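# output the structure for:
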Amino acid sequence: RASGQFAHPGGFVVLTQEGKIARYFFGMTYPARELRLAVVEASQRRVGSPIDQIFLLCFHYNPITGKYALAALQAVRISGAVTAAGLALFVVAMLRREKRARPAAPK
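Alright, predicted model coming up:
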């Protein structure tokens, strides 16, 4: 350019430990949750809290929007598994309770 200046978008790149690009962030503001999940993924899930790990099971990066979006099918599978496990624990607890409450049979 004649003015010697260049116009380019602001942003930064999150890299893996091997130096590969994990995520691009464009613009001037970066949502904390998006950045946190990008760092967790780039670190091959060795960084971040257990909540972040669970969050990544239900949210996946959408390269079109550049954000993490709810993976509905995955979320339904996980909530179904949690519900089934909870019901199984409830049934087992009720069966044990009933067994303890039953009077001993006469001899």
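# any idea how many residues pack against residue 51?
8 (other CB atoms under 10 Å). Where C-beta positions appear, they are placed from N, C-alpha and C, glycine not excepted.
# contacts only, for it.
Residues near residue 51 by CB atoms under 8 Å, 6 or more residues apart in numbering: none.
# after whichever strand or helix holds it, which helix or strand is next?
Secondary structure from DSSP states H and E places residue 51 in helix 50-58. Following helix 50-58 in sequence order, the next helix or strand is strand 59-62 (DSSP H and E).
# what is whichever helix or strand comes after that next one packed up against?
Per DSSP H and E, strand 59-62 leads on to strand 67-70 as the next helix or strand towards the C-terminus. Packing contacts for strand 67-70, counted by 3 or more CB pairs under 8 Å, 6 or more residues apart in numbering; DSSP states H and E, involve helix 32-42, strand 59-62.
# using CSV, write out every CA atom in strand 67-70.
Below are the C-alpha coordinates for strand 67-70, written out as CSV (Å, rounded to 0.1, in the frame of the first residue of the first chain):
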residue,chain,number,x,y,z
LYS,A,67,-17.4,-21.6,18.4
TYR,A,68,-18.3,-24.6,20.5
ALA,A,69,-21.8,-25.8,20.0
LEU,A,70,-23.9,-28.3,21.8
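# quick one: the first helix or strand past that strand going along the chain to helix 50-58, angle?
Going down the chain from strand 67-70, the next helix or strand is helix 72-101, by DSSP H and E. Interaxial angle, helix 72-101 versus helix 50-58 (axes from the mean of the first three to the mean of the last three CA atoms, to 10 degrees): 120 degrees.
# buried stuff in helix 72-101?
Residues of helix 72-101 classed as buried by neighbour count (16 or more other CB atoms under 10 Å): none.
# again with stretch 19-26
Those would be 22, 23, 25, for stretch 19-26 by 16+ other CB under 10 Å.
# just the ones of those residues in strands?
22, 23, 25 (DSSP state E).
# for those, give me CSV that also has distance to residue 37 and pLDDT.
Below are those laid out as CSV (distance: CB to CB, whole Å; pLDDT from 0 to 100):
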residue, distance to residue 37, pLDDT
22, 10, 77
23, 9, 77
25, 12, 77
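# what is the burial count for residue 35?
For residue 35, using other CB under 10 Å, the count is 14.
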